[in-house]
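How does the following fold in three dimensions:
(chains A and B)
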Amino acid sequence: MMRSIKAAKFAGEAVKYIVLTLLAVIFLFPALEMVLKSFMNDLDIRFGALFPSVFTLQPYRDALDAQYFWWLKNTIIIGVINMVGITLSSSLCAYGFSKLRFKGRELCFSLVLATLMLPAICMQIPLYKMYYAMGWTNSWLPLTVPGFFGGGALNIFLMRQYMRGIPDSICDAAKIDGANKFVVYAAIVMPMCLPIAGYVMLTSFLGCWNDFMTPLLYINEPAMYNLSLGLYYRYVNNAGGIPPANVQMAAATVMLIPCVVLFFFFQKVLINGVSVGAVKG
Amino acid sequence: MQATSNRRKIRQAREWLSSFAFILPVMIGILVFTLFPMVSSLVYSFTRTYTTVRGTGEWVGLQNYAAIFNEYWPEIGRSLGITFLFTVISLPLTLILSFGLSLLLTKDIKGIKVFRVIYYLPVMIPTVVSGILWSMLANGSDMSAFNVILNACGLPSFPFYDSDKTAMFTFIVMGLFTIGSSMILWIAQIKAVPSTLYEVADLEGAGALVKLVKITIPMCTPIIFYNLIMGIINSLQVFSNVITLNIEPSGKEALDFIVVQIYDFYNSTDLSMACALSWILFVIIALISGLTFKFNKWVYYGEDV
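Reported below is the predicted structural model:
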């Protein structure tokens, strides 16, 4: 009797593992095949091999030219600027919305949340005119300046949720000791918000890394492209002919690596951050 | 008397300003990067304005909207149909599958964290990378990775992205690879359900299915609602995932989403038509999410609310 229950439990576990493993294989297949294809020679590509017959680095030599590294450098610069701008700006605003009490606060906050509902395209297209009039098109200003003005409703919301968890008594104690609002923000609230600040920094960097639509609309100078736009005009929308699949996959693999590395190092920060707003909100 | 009350008013005003200063960046941001473009977009939609010409063009009243509903309607109506079709199929599928996945992943079995990481990984793939990758995996040729596998299993090749009949199916499947992002939310919510509820249910002798339907799902309604609203807003705006695909024109034709149309107008320098169409999209999104909010009685927000 005891044994048969144990056996049934074991069988149940085994089925679960088989299902989970099968799903894992399915979820991993696209990225794995991308990496495998990036090491193939042209012959393997032509015959549609799933596994390279010989590993070659030639696709990487072809894909990673000077221009690729130039775009990579552009992407990193834009990403770092946004990381600083968005984190700074959204934390300041979140502090205002959570720890300071003033007339009109709730109204302003609902205004911020309402912007979440607006379709990006409605704003991005007319903004072209404004950027054009100010001479901002074909520069990084449209990709970096908006981040300093609030850093996005979602980031403010997440930061505010987190800051609300910090007891007011700590802030009040500092105020009694003579600290002004900014000192309370910088010396007390921010150090306690490192997990969520880390999340915002990480996602804003990754957001820039992935950003495709904004540069597509405002930049048409190849020297100013980010990696997304560069790869798009080289491997998707290229009138001069598109390089073979192994070169495409090599370029794509290198672009994916930083995302995967950051994910593995900071998965806790990422996953906790995603959950903060949604569950407590 | 008068002097002290004035001084108090000044002190209050100064106090208010010093607080408001913290949210000043976002208020300026909303004004400049949200409200101003929304209003100017509406204005442009009543004019004939081009991206290549400085300033706003001549006022044409409702002409752009008339054009959308008359001469452009065959394409735009079709685009709207495609966009709705995608939303109606992909959103429930995403919700159900990500919920099922998270149910598998909340059980305490060994190695569960590894699986969670693996299922979340595809979410990290940048849009452009995903476009290039899936154009290679899922094109209609016999040499595409998916067809090589199908052929190896003795099945005939499938056209995937290269036919107008199967492109939408392929696109929906591609989207399902990123259900990891909703899965994370589900897991967090399921874990937040008080365990006492399950203990009581166990005492009453409730089975697994009853517990799922009577406890887990009702307690998860806030996440269902959040995923629903965000899902509607996002799937009506599908753009980057389509435009980064390098596929046959017939496949692209079947994926002619509404924002792709807006971009095409913008690309052909017709800013005012792009703005008119994006305002139509805005009204549609506002209506649908407004309705969803109106009928949210089924969402359980805890007893304290």
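
Can you list the helices and strands that the helix or strand hosting B:Phe36 packs against?
Element membership of B:Phe36 [criterion: DSSP states H and E] is helix B:36-45. Contacts defined by 3 or more CB pairs under 8 Å, 6 or more residues apart in numbering or on different chains; DSSP states H and E place helix B:36-45 against helix A:120-133, helix B:271-294. Bear in mind the C-beta positions are built from the backbone N, C-alpha and C, glycine included.

who wins for proximity to A:Val145 among these?
Closest approach to A:Val145 among the helices and strands packed on helix B:36-45 is made by helix A:120-133 (9.6 Å; CB to CB).

Now do the buried residues in that closest one.
For helix A:120-133, the neighbour count (16 or more other CB atoms under 10 Å in any protein chain shown) marks A:Ile121, A:Cys122, A:Met123, A:Gln124, A:Ile125, A:Pro126, A:Leu127, A:Tyr128, A:Lys129, A:Met130, A:Tyr131 as buried.

One more: stretch B:197-217?
B:Ala201, B:Ala206, B:Lys211, B:Ile215, B:Thr216.

Would you mind giving the domain segments of the chain?
As the question left the chain open, I've gone with chain A. Structural domains annotated on chain A: A:2-37, A:64-279, as defined by automatic domain parsing.

Actually, chain B is the one I wanted.
B:1-40, B:78-294.

The longest one: end-to-end distance?
So that's domain B:78-294. Terminal residues of domain B:78-294 lie 29 Å apart, using CA to CA, to the nearest Å.

roughly how far out does it sit from the chain middle?
8 Å (CA atoms, centre = their mean, to the nearest Å).

Give me the neighbour count for the residue in the stretch 151-300 of chain B that chain A sits nearest to.
At 3.4 Å from chain A, B:Ala188 is the closest residue in the stretch 151-300 of chain B, using CB to the nearest CB. Here the number of neighbours of B:Ala188 (other CB atoms under 10 Å in any protein chain shown) works out to 20.

cool, B:Pro74 as well?
Neighbours of B:Pro74 (other CB under 10 Å): 9.

That one is in what secondary structure piece?
Residue-wise, B:Pro74 maps onto helix B:73-106 under DSSP H and E.

now the angle from that helix to helix B:271-294?
Angle of helix B:73-106 versus helix B:271-294, following axes from the mean of the first three to the mean of the last three CA atoms, to 10 degrees, is 40 degrees.

does chain A sit close to helix B:73-106?
Yes: using CB under 8 Å from any CB of the partner chain, helix B:73-106 reaches chain A at B:Leu101, B:Leu104.

Would you indicate which residues of that helix are buried?
Those would be B:76, B:79-80, B:82-83, B:86-87, B:90-91, B:94-95, B:98-99, B:101-102, B:104-106, for helix B:73-106 by 16+ other CB under 10 Å.

still on that earlier bit, what about chain B: which of the buried residues of helix A:120-133 touch it?
A:Ile121, A:Cys122, A:Met123, A:Gln124, A:Ile125, A:Pro126, A:Leu127, A:Tyr128, A:Lys129, A:Met130.

My understanding was that the last one contacts B:Phe36; is that so?
Yes: contact between A:Met130 and B:Phe36 holds when scored by CB atoms under 8 Å: they sit 7.2 Å apart.

picking up where we left off before, just name the most buried of the domains of chain A.
domain A:64-279 (a mean of 19; mean count of other CB atoms under 10 Å in any protein chain shown).

average pLDDT for it?
Throughout domain A:64-279, pLDDT has a mean value of 91.

returning to that earlier point: which one, of the helices and strands packed on helix B:36-45, ends up nearest to B:Asn241?
Nearest of the helices and strands packed on helix B:36-45 (CB to CB): helix A:120-133, 14.0 Å.

and for the following helix or strand past the closest one, what are the contacting residues?
Note on helix A:120-133: by DSSP H and E, the next helix or strand toward the C-terminus is helix A:141-144. With contact meaning CB atoms under 8 Å, 6 or more residues apart in numbering or on different chains, helix A:141-144 is reached by A:78, A:81-82, A:85, A:127, A:131, A:136, A:208, A:211, A:214-215, A:218-219, A:226.

which one of those residues is nearest A:Tyr60?
Nearest to A:Tyr60 among the contacts of helix A:141-144, with distances taken as CB to CB, is A:Asn226, at 20.2 Å.

List the contacts of the closest one.
Here A:Asn226 is in contact with A:Trp71, A:Asn74, A:Thr75, A:Ile78, A:Leu143, A:Cys208, A:Asp211, A:Pro215 (criterion: CB under 8 Å, 6+ apart).

With secondary structure and distance to A:Asn272 added, can I get these in CSV?
Output for the contacts of A:Asn226, formatted as CSV (DSSP: H, G, I helix; E, B strand; the rest coil; distance: CB to CB, whole Å):
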residue, secondary structure, distance to A:Asn272
A:Trp71, helix, 32
A:Asn74, helix, 31
A:Thr75, helix, 26
A:Ile78, helix, 26
A:Leu143, helix, 28
A:Cys208, helix, 22
A:Asp211, coil, 24
A:Pro215, helix, 30
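
Distance to B:Leu42 for the residues you listed - can I get that in CSV?
Converted to CSV, the contacts of A:Asn226 look like this (distance: CB to CB, whole Å):
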residue, distance to B:Leu42
A:Trp71, 36
A:Asn74, 34
A:Thr75, 34
A:Ile78, 30
A:Leu143, 25
A:Cys208, 29
A:Asp211, 26
A:Pro215, 26
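
Among the buried residues of stretch B:197-217, which one sits closest to A:Lys37?
B:Thr216 (41.1 Å).

How about A:Arg105: what's its closest non-neighbour residue?
Of all residues not flanking A:Arg105 in the chain, A:Phe97 sits nearest, at 6.4 Å (CB to CB, 6 or more residues apart in numbering or on different chains).

ok, now which ones touch residue 58?
This is for chain A. A:Asn41, A:Asn246.

think we crossed wires, I meant chain B
B:Thr47, B:Arg48 are the contacts of B:Glu58 under CB under 8 Å, 6+ apart.

Distance of it relative to B:Met38?
22 Å (CB to CB, to the nearest Å).

same question, B:Ala274
Where B:Met38 is concerned, B:Ala274 sits at a distance of 14 Å (CB to CB).

just B:Asn234 next, same as before
Distance from B:Asn234 to B:Met38, by CB to CB: 19 Å.

neighbour count winner among these two?
Using other CB under 10 Å as the criterion, B:Asn234 and B:Met38 rank with B:Met38 on top: 20 against 13.

ok, that one - contacts?
A:Leu118, A:Cys122, A:Met123, A:Pro126.

Turn these into JSON lines, columns for distance to A:Leu202.
Output for these, formatted as JSON lines (distance: CB to CB, whole Å):
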{"residue": "A:Leu118", "distance to A:Leu202": "25"}
{"residue": "A:Cys122", "distance to A:Leu202": "28"}
{"residue": "A:Met123", "distance to A:Leu202": "25"}
{"residue": "A:Pro126", "distance to A:Leu202": "31"}
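
Out of the contacts of helix A:141-144, flag the one nearest to A:Arg160.
A:Gly85 (18.1 Å).

Surely that closest one and A:Phe148 touch.
Yes: counting by CB under 8 Å, A:Gly85 touches A:Phe148, with 4.2 Å between them.

For the contacts of helix A:141-144, please prepare CSV with the additional fields distance to A:Ala186.
Shown next, in CSV, are the contacts of helix A:141-144 (distance: CB to CB, whole Å):
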residue, distance to A:Ala186
A:Ile78, 26
A:Ile81, 21
A:Asn82, 21
A:Gly85, 17
A:Leu127, 32
A:Tyr131, 33
A:Trp136, 31
A:Cys208, 25
A:Asp211, 29
A:Thr214, 30
A:Pro215, 33
A:Tyr218, 34
A:Ile219, 35
A:Asn226, 32
